[in-house]
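A.B. asks: Predicted model, plus sequence, below.
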Amino acid sequence: MAKTYDFGDGSNSTLSWDSRETLPYILKTTTPGDSSHLGTHHLPPMIGKGDVIKLNQESYKVRRVRFLYKMESPDVKYRVTKKVLDVTRLGRERIERKLMKGLEGVDDEV
């Protein structure tokens, strides 16, 4: 079940028992033709696909969560260096869903 997180008041919600949980998320929009960077924010570590984030009076739906790893040395395992959330403005997500539903019956044959 999707959750809604509201961070418009500037509050930070972080838990720190692992180094990956203290890293902030980089928020990027995934709208075709308009990929922009929404900033770096401390969000709950359990945020996932389908969750809604309210940021500066705008709502965004999480499309994908990515962790970027780096290998420090051959004897050390990989370490998380960045966390990225690919999000879509909530209204845009609804428009894309309607468009995809309308294209389901269209044949690709020419």
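C.D. replies: Nice, I can see it.

A.B. asks: Secondary structure class of residue 97, three-state.
C.D. replies: Here residue 97 is recorded as helix under DSSP: H, G, I helix; E, B strand; the rest coil.

A.B. asks: What pLDDT does the model give it?
C.D. replies: With respect to pLDDT, residue 97 scores 75.

A.B. asks: now swap in residue 85 and tell me
C.D. replies: 93.

A.B. asks: Okay, and the beta partners of it?
C.D. replies: Counting by DSSP bridges, residue 85 forms beta bridges with residue 27, residue 65.

A.B. asks: got it, and residue 52?
C.D. replies: Beta-bridge partners, per DSSP bridges, of residue 52: residue 4, residue 61.

A.B. asks: Report the separation between it and residue 103.
C.D. replies: 25 Å (Cβ to Cβ, to the nearest Å). (C-beta placed from N, C-alpha, C; glycine too.)

A.B. asks: Who has more neighbours out of those two?
C.D. replies: residue 52 (16 against 9; other Cβ atoms under 10 Å).

A.B. asks: mind listing what the residue nearest the centre of the chain touches?
C.D. replies: Centroid-nearest residue in the chain: residue 85, 2.4 Å away (criterion: Cα atoms, centre = their mean). Contacts for residue 85 (Cβ atoms under 8 Å, 6 or more residues apart in numbering) come out as 25-28, 43, 47, 53, 62, 64-66.
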